[in-house]
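Asker: Quick check, what structure comes out for this input:
(one chain, ligands or ions: 1)
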Amino acid sequence: MRRGWFQKTVAVARVVKPGEVFSPSSSPQTLGKRDYVFIVNPNGANGRTGESWTKLLPQLKARLGTDRNVHEKFTSGPQHATQLTREAIHEGAGAVVAVGGDGTLHEVVNGFFDNGELTRSKDRSESIEPKTALGLLPMGTGSDFARIFDWSKDVNKAIDRLCKGERKKIDVGRVIYGKERKERYFINVADLHLSAKAGFFAGMHKQLGNLCYVIGALRGFQGHKNRDLKIRVDGGEWETWSNVTAICIGNSKYFGGGMKITPSADPSSGDLEAVILRDFKWHDFLLKLHTLYLGTHVLQKNVFSMKVRSIDVTEVDNFSNDDYPGTYIQADGEHLGFLDASISVVPSAIDFIQ
Ligand SMILES: Nc1ncnc2c1ncn2[C@@H]1O[C@H](COP(=O)(O)OP(=O)(O)OP(=O)(O)O)[C@@H](O)[C@H]1O
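Answerer: Alright, predicted model coming up:
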């Protein structure tokens with residue numbers, strides 16, 4: 001493994017003990033320590049992530065440091081976690097661990113990809129196996145991905161998981177969007193129209209904590225109209241769906257800090273769950289809000305759920321002459337832009353430490 005970027009890494013001398021037979025499978029590559037790179041958003045959860053991390057680090061090094069080289073990398077701002085993740089994978093890290101909330105996890109997941117391909121180790125002379133895994137230390141405000149595992153908040157348990165290093169293949173979702181056909185990956189949920197618009201405005205008021213979601217919802221409803229949209233599932237025929245309020249496409253189940261919006265999505269299933277809400281009025285959300293947390297909203301007559309491998313969504317109306325900015329798109333709570341969108345699953349894309 002190249003040493004430049006990690007700096008602190010020390011080469012591990014291979015000693016063959018008396019009576020031990022040296023074999024290629026016990027080569028330094030497989031027995032040597034691998035680098036675990038922790039990508040920390042110090043300002044996550046209004047600064048609490050940085051504080052918790054500082055307290056946790058000695059414990060983490062004491063327990064994990066016997067088998068792995070522990071590296072900490074602090075993000076300096078939005079998108080930096082994506083760049084740090086790509087660099088760690090290029091250098092052949094054993095794992096990249098996102099330390100923060102769902103925003104940091106989203107950026108780390110995007111670092112596992114580069115120009116539509118999986119990011120790979122640069123050093124092709126060594127076969128680095130197993131490939132870089134994704135780990136998670138949930139320490140942000142929102143931990144929607146962690147919710148599906150029913151993990152407790154006990155940091156010792158989180159360290160246990162990293163020490164064990166058990167891997168499971170998980171899918172991610174890919175969104176190709178807008179006129180420029182940009183690309184973004186998501187691990188939780190991508191969504192369109194009202195929920196994405198509310199998320200856009202909530203994102204402007206994050207410093208207010210959970211109040212930002214109330215403000216986001218109020219601003220989202222301002223001027224909102226349910227729209228007719230054209231939808232194509234798994235490359236089939238285009239169909240017009242009338243009065244669409246929101247479309248949520250889940251690789252996992254939760255968004256918005258615990259709403260079970262795509263209740264039968266499973267990141268190991270090889271598909272996504274698309275939930276289409278139609279004809280909702282603002283008062284429906286007040287009356288039915290609790291069903292979104294329980295996941296029972298899919299039983300209502302104007303909510304449709306289906307398993308998809310891909311879903312394309314485009315506008316029916318040409319609105320170029322009015323002041324409608326377009327239909328909002330977000331992925332894992334991050335605003336991306338406006339329709340068109342093509343969303344698909346990338347099956348078994350990442351090894352996740354579970
Ligand atoms: N050093 C930094 N300073 C400010 N913002 C940052 C920094 N590093 C990353 N970010 C941005 O902060 C966002 C939120 O990060 P994170 O998810 O860890 O925290 P959070 O407060 O728990 O938020 P969330 O609601 O997403 O759970 C990320 O999407 C990222 O773009």
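
Asker: wait, what's in contact with the closest residue to residue 307 other than its chain neighbours?
Answerer: Nearest residue to residue 307 in three dimensions, chain neighbours excluded: residue 271, at 4.8 Å (CB to CB, 6 or more residues apart in numbering). All C-beta atoms are positioned from the backbone trio N, CA, C, and that covers glycine. Residues near residue 271 by CB atoms under 8 Å, 6 or more residues apart in numbering: 171, 307, 308, 309, 345.

Asker: Where does the closest residue to residue 264 other than its chain neighbours sit: helix, strand or coil?
Answerer: Leaving aside its sequence neighbours, residue 264 sits nearest to residue 273 (CB to CB, 6+ apart; 5.4 Å). Classification of residue 273 using DSSP: H, G, I helix; E, B strand; the rest coil returns strand.

Asker: In the stretch 251-354 of the chain, what residue spans correspond to helices?
Answerer: 282-294 (DSSP state H, counting those that start in this stretch).

Asker: Leaving out sequence neighbours, find the closest residue to the residue in it that the ligand sits nearest to.
Answerer: Residue nearest to the ligand within the stretch 251-354 of the chain: residue 333 (5.8 Å; CB to the nearest ligand atom). Using CB to CB, 6+ apart and skipping residues adjacent in sequence, the residue nearest residue 333 is residue 199, 5.6 Å away.

Asker: Output the set of residues of this structure in proximity to the ligand.
Answerer: 41-45, 49, 75-78, 80, 100-104, 107, 140-142, 333 (CB under 6 Å from any ligand atom).

Asker: and if we set it to 5 Å?
Answerer: 41, 43-45, 75, 77-78, 100-104, 140-142 (CB under 5 Å from any ligand atom).

Asker: before we move on, back to that, hmm, residue 142 and the residue of the stretch 251-354 of the chain closest to the ligand touching each other?
Answerer: Yes - Residue 333 lies in contact with residue 142 (CB atoms under 8 Å); the separation is 7.1 Å.

Asker: shared neighbours of the two, anything?
Answerer: Common neighbours of residue 333 and residue 142 (criterion: CB under 8 Å, 6+ apart): 102, 103, 256.

Asker: Now go through the residues you listed and say which are in strands.
Answerer: Judged by DSSP state E, the shared contacts of residue 333 and residue 142 include no members of strands.

Asker: Now which of these would you call buried?
Answerer: Neighbour counting over the shared contacts of residue 333 and residue 142 (16 or more other CB atoms under 10 Å) leaves 102, 103, 256 as the buried ones.

Asker: Chain neighbours aside, what residue packs nearest to the first one?
Answerer: Read that as residue 102. Closest to residue 102 by CB to CB, 6+ apart is residue 142, at 4.6 Å.

Asker: which residues touch the residue of the stretch 251-354 of the chain closest to the ligand?
Answerer: 102, 103, 106, 142, 188, 199, 203, 255, 256.

Asker: out of those residues, which are inside helices?
Answerer: 102, 103, 106, 199, 203 (DSSP state H).
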